[in-house]
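here is a sequence together with a model predicted from it:
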Amino acid sequence: MFIEPKLHDRFSEKQTGWIEIICGSMFSGKTEELIRRVNRATIAKQTVKILKPAIDKRYDEKDIISHNQNYVESIPIEKAEDILIYTENCQVVAIDEAQFFDNKLVEVCTELANHGFRVIVSGLDMNFEGKPFGVIPELMSVAEYVTKLHAICAKCGDVGNYSFRLVDQEEEVLLGEKNHYEARCRKCFNIGMEERKRKLEIMQKINE
């Protein structure tokens with residue numbers, strides 16, 4: 001379990017900012033962990049601003065809600081640089097579903113950390129094809145702390161590290177829940193991808 005380093009007042013000369021990354025597959029508890037850290041910061045009387053991409057309206061237009069239905073109030077943001085508008089008078093900045101933000105997010109998080117903020121970022125590190133997703137891999141490389149969470153494979157019950165898409169749609173960003181995705185281990189993910197590939201090849205031959 002992640003235990004926070006001591007956080008001085010952001011305006012103190014002793015305070016050094018940092019970036020924390022919470023990543024993993026879908027259903028691995030990323031948002032739950034972000035909410036846990038936000039709640040601990042609040043108990044410690046630290047001022048927190050919580051933000052999420054405006055595109056993510058699966059559970060609520062504003063609140064961040066985990067799969068376990070725990071929630072915290074947040075501010076929906078259209079683009080990464082807008083985060084700076086809302087974070088001037090706080091100590092902790094928490095950002096959920098960060099993979100949906102533009103590449104400017106790396107610069108924004110770095111700027112915040114350089115100015116003494118504690119920055120907590122949660123997001124998917126791989127897309128539905130098992131490839132690096134959005135800005136998360138780059139953020140992981142500049143972060144002080146990286147926590148990679150794992151789900152349970154829906155097929156075999158092993159450790160799940162991949163988000164397998166259950167529907168035949170190829171766009172990278174497809175918002176969905178258990179009707180669109182399931183967590184899988186490496187072996188079951190690869191089996192599923194091979195089955196999808198064969199299915200596509202058959203469909204192409206039929207349409208020729």
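Arrived safely.

so which residue is dead centre in the chain?
Nearest to the geometric centre of the chain sits G123, at 1.1 Å (C-alpha atoms, centre = their mean).

what's the neighbour count on the closest residue to that one other than its chain neighbours?
In space, and not counting its chain neighbours, G123 is closest to A98: 3.7 Å by C-beta to C-beta, 6 or more residues apart in numbering. Bear in mind the C-beta positions are built from the backbone N, C-alpha and C, glycine included. Counted with other C-beta atoms under 10 Å, residues neighbouring A98 total 27.

OK, contacts around A98?
By C-beta atoms under 8 Å, 6 or more residues apart in numbering, the contact set of A98 is 53, 105, 121-123, 134-136, 139.

before we move on, the earlier item: need the three-state assignment for the residue nearest to the centre of the chain.
Following DSSP: H, G, I helix; E, B strand; the rest coil, the label given to G123 is strand.

relative to P137, how far out is it?
10 Å (C-beta to C-beta, to the nearest Å).

contact partners for the residue nearest to the centre of the chain?
Residues in contact with G123, defined by C-beta under 8 Å, 6+ apart, are 21-23, 30, 96-100, 133-136, 139.

same deal with F101?
53, 77, 79-80, 95, 134-135.

torsion angles phi and psi at it?
Note on F101: backbone dihedrals following degrees, to the nearest 10 are phi -80, psi 160.

equivalent analysis for the one 5 residues further on, please.
Summarising the backbone geometry of V106 under the convention degrees, to the nearest 10, its torsions are phi -60, psi -50.

what's the neighbour count on the residue nearest to it when sequence neighbours are not counted?
Spatial nearest neighbour of V106, excluding adjacent residues (C-beta to C-beta, 6+ apart): E138 at 5.2 Å. E138 has 14 neighbours, counted by other C-beta under 10 Å.

now for the one helix or strand E138 maps to, which elements pack on it?
Assigned by DSSP states H and E, E138 belongs to helix 136-142. Counting contacts by 3 or more C-beta pairs under 8 Å, 6 or more residues apart in numbering; DSSP states H and E, helix 136-142 is packed against strand 18-24, helix 104-114, strand 118-124.
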